[in-house]
Structures are given as structure tokens and as C-alpha cells.
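1. Quick one: sequence and predicted model below, then my questions.
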Amino acid sequence: MLKILNGSKWVDGTPTDGDRVREYIAVGTPNEHYREYTYASPQPEQKDTRLAPQMFMRRMTPEERKAIRAYSRSDSPMAEDIEDFLDLLAKARWVDITDPATIQGVEGLEILTILEAGRASEILSDVIDANELYVTS
């Protein structure tokens with residue numbers, strides 16, 4: 001049973017963030033007691049969106065990776081940007097698929113038609129296999 005502090009009285013109710021709450025435990029038994037705390041609504045578990053760089057690159061097909069590298073060596077005005085994106089990926093400890101720079105880089109590959117339409121959203125999908133995750137150990 002929960003009671004919420006309303007002014008100077010404990011009243012029944014549903015707590016919201018910041019409310020002072022008294023939670024009664026073992027009500028109606030000789031061990032009845034309570035604990036008081038400030039209520040904070042449960043937060044959804046944060047999903048890890050960091051991939052090992054090699055695993056991130058493996059979300060692309062070998063043909064796509066070859067096309068990206070070839071484009072970065074071309075005389076296109078965007079070649080240096082693609083080369084820079086690849087360089088940053090190669091030096092990264094992990095690749096966060098929700099990072100704006102990652103999203104912009106992959107979507108840029110699609111805009112330049114290096115990747116087929118729809119591939120950016122597949123590559124940036126937050127459905128992550130356990131073997132793709134960046135492991136800190």
C-alpha cells in the first residue's frame with residue numbers, strides 16, 4: 001500500500017515524480033512497517049547502441065564496402081568527406097548508431113547512391129545482435 005504526503009497528511013493516491021511516498025510493507029501482520037522515499041517513475045532501460053567498428057562495417061555488404069572505398073578515392077567533390085567518414089570509423093573505439101555524425105555519414109552514402117535506397121535505415125537499425133556490441137572489458 002502506498003500513501004503520498006499531501007501537505008502534512010499521508011493520503012491514498014498514485015505518486016508522480018518528486019512526491020514523498022510512504023510504502024507500507026507486511027500490512028496487517030506483526031511485522032508491519034513502512035519505508036519512505038521520494039518517488040521517481042521507472043525509466044526504460046537504456047539500450048546499448050554502440051557497435052564494434054568492424055561489426056558496424058559488416059552491416060554493409062562486401063560490395064557496398066568496396067564501392068564506398070572506391071568512391072573515397074574518386075575525383076568526386078564528396079570523396080574527401082567519405083574518406084574522412086571512413087577514417088573516423090577506422091579510428092573509433094566504437095560506433096554509436098544513434099550518433100548524429102554516424103547517421104549523417106550513412107545517410108550521405110545513400111544520398112550519393114553508393115548505398116541503395118533503404119539501406120541506411122537497415123544499417124542504422126537498433127536491432128543489435130549480441131556479437132555486434134562493443135564490449136568494455
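-> Here it is on my side, so go on. Owing to the predicted nature of the structure, the values given are computational and were not obtained by experimental measurement.

2. check contacts around the residue lying closest to Leu112 once chain neighbours are set aside.
-> Excluding its sequence neighbours, the residue lying closest to Leu112 (Cβ to Cβ, 6 or more residues apart in numbering) is Met78, at 6.1 Å. From N, CA and C alone the C-beta is placed, and that goes for glycine too. Contacts for Met78 (Cβ atoms under 8 Å, 6 or more residues apart in numbering) come out as Tyr71, Gly108, Leu112.

3. Tell me which of those fall in helices.
-> Among these, the residues falling in helices (DSSP state H) are Tyr71, Gly108.

4. Among the contacts of Met78, which one has the most neighbours?
-> Among the contacts of Met78, Tyr71 has the most neighbours (other Cβ atoms under 10 Å), with 18 neighbours.

5. So it versus Asp81, what's the distance?
-> 10 Å (Cβ to Cβ, to the nearest Å).

6. now swap in Ser74 and tell me
-> 12 Å.

7. Check Leu2 too.
-> As judged by Cβ to Cβ, Leu2 and Asp81 stand 56 Å apart.

8. ok, now Thr113?
-> According to Cβ to Cβ, Thr113 and Asp81 sit 15 Å apart.

9. Next: Thr14.
-> Distance from Thr14 to Asp81, by Cβ to Cβ: 52 Å.

10. Same drill for the two, tell me which one is more crowded.
-> Between Thr14 and Asp81, Asp81 has the larger neighbour count (other Cβ under 10 Å), namely 15 against 8.

11. wouldn't that one be in contact with Leu109 here?
-> No. Contact criterion Cβ atoms under 8 Å: Asp81 and Leu109 do not qualify, at 10.2 Å.

12. show me the contacts for the residue positioned nearest the centre of the chain.
-> With distances taken as Cα atoms, centre = their mean, Thr49 lies nearest the centre of the chain, 4.0 Å away. In this structure, Thr49 makes contact with Asp96, Ile97, Thr98, Asp126, Ile128, judged by Cβ under 8 Å, 6+ apart.

13. Mind doing that once more with 10 Å?
-> Thr49 makes contact with Trp94, Val95, Asp96, Ile97, Thr98, Asp99, Thr102, Leu124, Asp126, Ile128, Leu133, Tyr134, according to Cβ atoms under 10 Å, 6 or more residues apart in numbering.
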